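S.K.: Provided below are the primary sequence and the corresponding predicted coordinates.
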Amino acid sequence: MPSLKDLRNRIASVKATQKITKAMQMVAAAKLRRAQAAAEAARPYAERMETVLANLASGVSGSSAPKLIAGTGADKVHLLVVCTAERGLCGAFNSSIARLARDKANALKAEGKTVKIMCVGKKGHDVLKRQFEKDIIELIDLRAFKQVGFVNAEAIAQNILARFAEGEFDVATLFFSKFKSVISQIPTAQRIIPAEIPAGTKATEAVYDYEPDEGEILETLLPRNLTVQVLRAILENAASEQGARMSAMDSATRNAGEMIKKQTQLYNRSRQAMITKELIEIISGAEAL
Amino acid sequence: MATFKFELVSPERILFSGDVVSVIVPSVEGEITVLAGHAPLVATLKAGIVFVQTTDSNGKEFFVNGGLVEVNQAATTILAEHGRFIEDVDSAVLDQEILTAEMKYTGSHNDDEKKRLHDTLVQLREFKHVFEQRKAA
């Protein structure tokens, strides 16, 4: 049976924790609004880019198509780009992305393919390095940046492109969490090299004039498309992270509230029991006189 | 006057969206004026000013650096790599853009890319010159 002082201390510490989780929830809510706006603002660009790319790609014939669309022809080495958060305490957010990547990596290895992993964000690295320590080729740390943006995405895309140009891998897949709503984030795998032309976009019939020429435009457009896809992944991830943290902290606050209620009840009960016991002692003492 | 749908989007946001009379676009091979009913076209952009004429007497200007323009029957879209309202542009912003381009140029090892980055750099410097002259006038 814990003493009254123990109980008081326990209630105080749970109260302090509740204050922290409450504050974290409110901070996450404020950040979420900004992250969500950023993710939504980036969507039109990515969508238009896809349409233009689909229009252009339908025009190039098989053999002359750039490698970024057609692929290297091989399917041996896979690069998994795993985007996660830099911080924890956000529910299952990091682990669900990592799990998706791990399943994919295991499946590829079972097929006898080589897997290379590039981690964007520390938390995914922490999880994946337990099993794939020697497969991880790079960890990109974005902790120093308060607001990740185009510049960061560009650096990552350049890194991926340089590795592709060196022939380090044949297929690249991007792992991130798509932001659907505050309570629902969907871990997603997206193939980025060779570029996936979404089935939904219908190429227009029109014959385009190209300035300077088709090949050159594609050559500048494809790397840029990669940057945009990475940017979209990062922004969706940022919004998802805040959403996940908000709901995780919300339930933590609620759990703390419940715990305080229970502990307070226990405290009051044992306090009363103590008073009753003392009264009995006094009365029986008086009777004995 | 006949109008058409026009959108100017940068990776961060939509800068302009609406019906316009004409748009002047700085393509790598010279300025192009797009009017309603223009033939389908895809062109890459250089650093410069996009002039959007919304009505006969009203216009808006935007600064773009890199990207491309797509013209088709339905709409005209500019996908700008960097885009800003002209009011937000000053010499410091341009210097920053030039500095970034320079850093990319020196950091690059690919010959094709190097050539492209060099072109960008020249365009930016040229634009800065024009911009400052325009402001002085």
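M.R.: Thanks, I have it. Not measured: the values here are computed from a predicted model.

S.K.: How about the residues of chain B by chain A?
M.R.: B:7, B:9-14, B:27-29, B:32, B:39-44, B:68, B:70, B:72-74, B:77, B:79, B:81, B:110, B:112, B:116 (C-beta under 8 Å from any C-beta of the partner chain). Placement of C-beta: from N, CA and C, glycine included.

S.K.: and the residues you listed, which of them are in helices?
M.R.: B:D112, B:R116 (DSSP state H).

S.K.: PyMOL command to pick out the buried ones of the residues of chain B next to chain A?
M.R.: This is the PyMOL syntax for the buried subset of those, where burial follows 16 or more other C-beta atoms under 10 Å in any protein chain shown:
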select buried, chain B and resi 7+9+10+11+12+27+28+32+40+41+42+43+44+68+70+72+77+79+81+116
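
S.K.: Among the residues of chain B next to chain A, which are located in strands?
M.R.: Using DSSP state E, the members of the residues of chain B next to chain A that fall in strands are B:7, B:9, B:14, B:27, B:32, B:41-44, B:68, B:70, B:77, B:79, B:81.

S.K.: So which of these is the closest to A:D141?
M.R.: B:E81 (25.1 Å; C-beta to C-beta).

S.K.: is chain B contacted by the helix or strand of chain A with the lowest mean pLDDT?
M.R.: Lowest mean confidence among the helices and strands of chain A (mean pLDDT, DSSP states H and E): helix A:67-70, at a mean of 76. No: shown here: helix A:67-70 not in contact with chain B (C-beta under 8 Å from any C-beta), separated by at least 13.4 Å.

S.K.: domain assignment for chain B?
M.R.: For chain B, the structural domains run B:4-87, B:90-136, going by automatic domain parsing.

S.K.: Of those domains, flag the one that's most buried.
M.R.: Stretch with highest mean neighbour count among the domains of chain B: domain B:4-87 (a mean of 19; mean count of other C-beta atoms under 10 Å in any protein chain shown).

S.K.: how about stretch A:117-132: buried residues?
M.R.: Neighbour counts using 16+ other C-beta under 10 Å place A:I117, A:M118, A:C119, A:V120, A:G121, A:K122, A:K123, A:G124, A:H125, A:V127, A:L128, A:F132 of stretch A:117-132 among the buried residues.

S.K.: so A:F150 sits right up against B:P11, yeah?
M.R.: Yes: contact criterion C-beta atoms under 8 Å: A:F150 and B:P11 qualify, at 5.0 Å.

S.K.: Quickly list what's touching both of the two.
M.R.: Common neighbours of A:F150 and B:P11 (criterion: C-beta atoms under 8 Å, 6 or more residues apart in numbering or on different chains): A:L231.

S.K.: I would like the residues contacting stretch A:105-116, please.
M.R.: A:75-80, A:117, A:132, A:135-137, A:168-169.

S.K.: Which other helices and strands does the helix or strand hosting A:R33 contact?
M.R.: If you go by DSSP states H and E, A:R33 is part of helix A:4-57. Helices and strands touching helix A:4-57, by 3 or more C-beta pairs under 8 Å, 6 or more residues apart in numbering or on different chains; DSSP states H and E, are helix A:214-288, strand B:4-9, strand B:41-44, strand B:59-71, strand B:75-85.

S.K.: Nearest to A:I156 among these would be which one?
M.R.: Nearest to A:I156, of all these, is helix A:214-288, at 5.1 Å by C-beta to C-beta.

S.K.: So what angle separates the directions of that closest one and strand B:59-71?
M.R.: Going by axes from the mean of the first three to the mean of the last three C-alpha atoms, to 10 degrees, helix A:214-288 is angled at 110 degrees with respect to strand B:59-71.

S.K.: Would you mind naming what in chain A lies close to chain B?
M.R.: Along chain A, the residues adjacent to chain B under the rule C-beta under 8 Å from any C-beta are A:38, A:41-42, A:44-45, A:48-49, A:52, A:55-56, A:149-150, A:165, A:204, A:206-212, A:216-217, A:219-221, A:224, A:228, A:231.
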